[in-house]
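Visitor: here's a sequence, model it:
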Amino acid sequence: MSCGNPHETDCGEVLDHLYEYLDNEMAEGDCAKLREHFEECSPCLEKYGLEQAIKALIKRSCGCDAPPSDLRSKVLARIDTIRTAQRERADTTYAAAETVTQD
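Guide: Numbering: from 1, shown residues only. As a prediction, this is how the structure comes out:
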């Protein structure tokens, strides 16, 4: 999506980070860039408003449901699996680089 006008922050970049913005998961400087973009780009502002409304509707509709009791342990186990795989990849990359420099 693009309004066709040039912006300091590209419409695609803004929309790629829209959920981070809605969930307050962005640094303040990045939030300021998105707010500035919304002030000058009505299509992105409209998309933001729509996503904000959908998020509020979901919260109202599903906010009372308790999460499954084992959800937390499943999420934590998955995070551990991903971190382990990343460490193993980093160790392999480091070992390969060390081998290359020794040759």
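Visitor: which helices and strands sit right next to the strand or helix carrying Glu51?
Guide: Taking DSSP states H and E as the criterion, Glu51 maps to helix 42-62. Judged by 3 or more Cβ pairs under 8 Å, 6 or more residues apart in numbering; DSSP states H and E, helix 42-62 is in contact with helix 11-16, helix 18-22, helix 28-40. C-betas here are computed from N, CA, C, even on glycine.
Visitor: one more pass at 6 Å, please.
Guide: Counting contacts by 3 or more Cβ pairs under 6 Å, 6 or more residues apart in numbering; DSSP states H and E, helix 42-62 packs against helix 28-40.
Visitor: how about the helix it packs on: buried residues?
Guide: Of all the residues in helix 28-40, those buried under the rule 16 or more other Cβ atoms under 10 Å are Lys33, Leu34, His37, Phe38.
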